[in-house]
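Enquirer: Starting from these lines, generate the structure:
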Amino acid sequence: MIFNKPLIRLIPLILVLSMCNCTKDIFYITGTIQEEMDKLVDSGFDGAILYVNQVGESSFYSAGWHNRENQIPADPHALFKIASISKLYVAAATTKLIADEELSLENTIAELLPEYANGIEYADQITLRMLLQHRSGIPDYTYHPDYPWDDPFQDVEETYTLVLNEPADFKPGKRYKYSNTNYLLIGDILDQTLGYSHHQFIKDELLQPLSLNDTYSLLNEVNLDDLMSGYFVGYEPDIKANNFIQPGGSMVATAEDVGVFLRALIDGTLFSEKEQAIYSSVYKYEHTGLLPGYQSIARYYPDIDAVVVMFVNTSAEGYSYWNKFEKGYNRIVSILEKE
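Expert: Here you go, the predicted model:
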C-alpha cells in the first residue's frame, strides 16, 4: 500500500478544480521567473519544472528536488505523470478516426460498446461527441468511495465495476460535468475500432510524426529513475510507483514534449484542415492534470505566442496546494506578458 486512504478523500474534488482556468489574481510582479519558481518550492512544493516556448525559442526552469530522499535536484527534462493532460492526446486520436470515417460523432455507446449498454443509463442516447465534451451524464469513477487511490486498479475492467448500473448524473447533453469515465469509455471505443491498442495508435499517428521520444502512454514503459518523484503532504514516502492505467490519465512525458504537442495541436502541424475543424468542435486546446503527487498545467497564450507547461511534484488533500500551484503559474505568465 502506497499511502493511507484518509489522506486522499478529497482527491476527486481536486480533480474537478484542476480543470478550471481560474481568473488570475491581480498582483504587481517585480521578480524573475526563477525567483517565482523558488518561491513555489519555499511555499511547500518539493520540486517544480517549467517549460516556455515563445516566438520560436524554448526556455527551461526548475527548482527544488527531483527526488527528496536522495536530494537529487529537479531536472527540467525529467519525465512526469501528466495525468488528465493525457485527454488531449486521446481526443486528438479520436479526431483522426472520425476524419477517416472510422467513427462518427453521433455514434452512441449502445452502438459502439454494446457490452456495456445495459449498465449505462441512456446508453442509446449518449454519443461519442457527448463523451468527448463531458456532456454524457455518466458518473465519474474517481468520485466512488471505493476507488483505490492507494493501490490503483491494474485492469480497466475493474474500474467499470464502480460506475456500471449507477444512475446518471443528468440526461445526456443537458449540461457539462467533467467525468473521467467518458475517456475510459473512449479508450475502449478506440481499441475496438482499431483492432489494437489506442496507445500504439497515439504513438504512430501523434508522437512519432512530432519526434516526441519522451512521451509514453503507460508508466511501465519508462525507467522509474527518469521519473520525477511524487509526494503527498502528510505521507513521507515517494509515491511515483503508483501506476494509473486508465485511458485519459495514464501518460508520462517531459514538459518540453507536452509543450511541443500542444503547439502542434494548435498551429495545424498535427492535423489536416478537416481534422482541425473536427477537433475544434469537440475539445479544447489546454488542460490541467492531477494525480497523487503530481500537478500539471499546459496552456497557450496567443497574445504573447507562448506555450507554458508547468509541473509540481507535491499534492495534498483539499484545495490549498492546487490553489498555490495555479497562483504561482499565473504569476509566471504575468512576468512573460510584461517582458
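Enquirer: what are the pairing partners of the strand ranked longest in the chain, and which direction each?
Expert: Across the chain, the strand with the greatest residue count (assigned by DSSP state E) is strand 57-67. Note on strand 57-67: by DSSP bridges, its sheet partners are strand 47-54 (antiparallel), strand 72-73 (antiparallel).
Enquirer: and residue 248, which of these is closest to it?
Expert: Residue 248 lies closest, by Cβ to Cβ, to one member of those: strand 47-54, at 21.9 Å. All C-beta atoms are positioned from the backbone trio N, CA, C, and that covers glycine.
Enquirer: So for that closest one, mean pLDDT?
Expert: Average pLDDT, strand 47-54: 98.
Enquirer: And for stretch 197-213?
Expert: 98.
Enquirer: likewise stretch 276-286?
Expert: Stretch 276-286 shows a mean pLDDT of 97.
Enquirer: Would you mark the buried spots in it?
Expert: 276, 278-279, 282-283, 286 (16 or more other Cβ atoms under 10 Å).
Enquirer: Scan the helices and strands of the protein for the one with the lowest mean pLDDT.
Expert: helix 11-17 (a mean of 46; mean pLDDT, DSSP states H and E).
Enquirer: Return the distance of the helix or strand following it from the chain's centre.
Expert: Going down the chain from helix 11-17, the next helix or strand is helix 33-42, by DSSP states H and E. Its chain's C-alpha centre and that of helix 33-42 lie 23 Å apart, by Cα atoms, centre = their mean, to the nearest Å.
Enquirer: now for helix 33-42, which elements pack on it?
Expert: Judged by 3 or more Cβ pairs under 8 Å, 6 or more residues apart in numbering; DSSP states H and E, helix 33-42 is in contact with strand 47-54, strand 57-67, helix 320-338.
Enquirer: CSV please, covering the ones you listed and showing mean neighbour count and distance to residue 89.
Expert: Listed next are the helices and strands packed on helix 33-42 as CSV, based on neighbours: other Cβ atoms under 10 Å; distance: least, Cβ to Cβ, whole Å:
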stretch, mean neighbour count, distance to residue 89
strand 47-54, 24, 17
strand 57-67, 18, 20
helix 320-338, 18, 21
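Enquirer: Tabulate those (JSON lines), appending distance to residue 213.
Expert: JSON lines is the format used below for those (distance: least, Cβ to Cβ, whole Å):
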{"stretch": "strand 47-54", "distance to residue 213": "16"}
{"stretch": "strand 57-67", "distance to residue 213": "16"}
{"stretch": "helix 320-338", "distance to residue 213": "26"}
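Enquirer: Between the buried residues of stretch 276-286, which sits nearest residue 112?
Expert: Minimum distance to residue 112 across those is 15.5 Å, recorded for residue 282 (Cβ to Cβ).
Enquirer: where's that closest one relative to residue 100, distance?
Expert: Distance of residue 282 to residue 100, given as Cβ to Cβ, to the nearest Å: 15 Å.
Enquirer: same thing with residue 290?
Expert: Separation of residue 290 from residue 100 (Cβ to Cβ) stands at 33 Å.
Enquirer: what about the strands in this protein?
Expert: Secondary structure of the chain, counting by DSSP E: strands at 47-54, 57-67, 72-73, 80-81, 215-216, 231-232, 252-253, 287-291, 294-301, 306-312, 314-315.
Enquirer: Now the longest one - C-alpha only, PDB.
Expert: Same thing as strand 57-67. These are the backbone C-alpha positions of strand 57-67, laid out as PDB (Å, rounded to 0.1, in the frame of the first residue of the first chain):
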ATOM      1  CA  GLU A  57      12.600  29.900 -28.500                       C
ATOM      2  CA  SER A  58      12.400  27.400 -25.600                       C
ATOM      3  CA  SER A  59      13.300  28.100 -22.000                       C
ATOM      4  CA  PHE A  60      13.600  25.600 -19.200                       C
ATOM      5  CA  TYR A  61      13.400  26.300 -15.400                       C
ATOM      6  CA  SER A  62      13.500  24.100 -12.300                       C
ATOM      7  CA  ALA A  63      13.600  24.400  -8.500                       C
ATOM      8  CA  GLY A  64      13.600  22.000  -5.600                       C
ATOM      9  CA  TRP A  65      14.000  18.300  -5.700                       C
ATOM     10  CA  HIS A  66      13.600  15.600  -8.400                       C
ATOM     11  CA  ASN A  67      14.000  13.200  -5.500                       C
END
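Enquirer: which residues sit against it?
Expert: 33-34, 37-38, 40-41, 45-53, 71-78, 228-229, 238, 255-256, 259, 313 (Cβ atoms under 8 Å, 6 or more residues apart in numbering).
Enquirer: from the residues you listed, which would you call buried?
Expert: For the contacts of strand 57-67, a burial check counting by 16+ other Cβ under 10 Å picks out 33, 37-38, 40-41, 45-53, 74-76, 78, 228-229, 238, 255-256, 259, 313.
Enquirer: which regions of the stretch 1-150 of the chain sit below the pLDDT cut-off?
Expert: 1-30 (pLDDT under 70).
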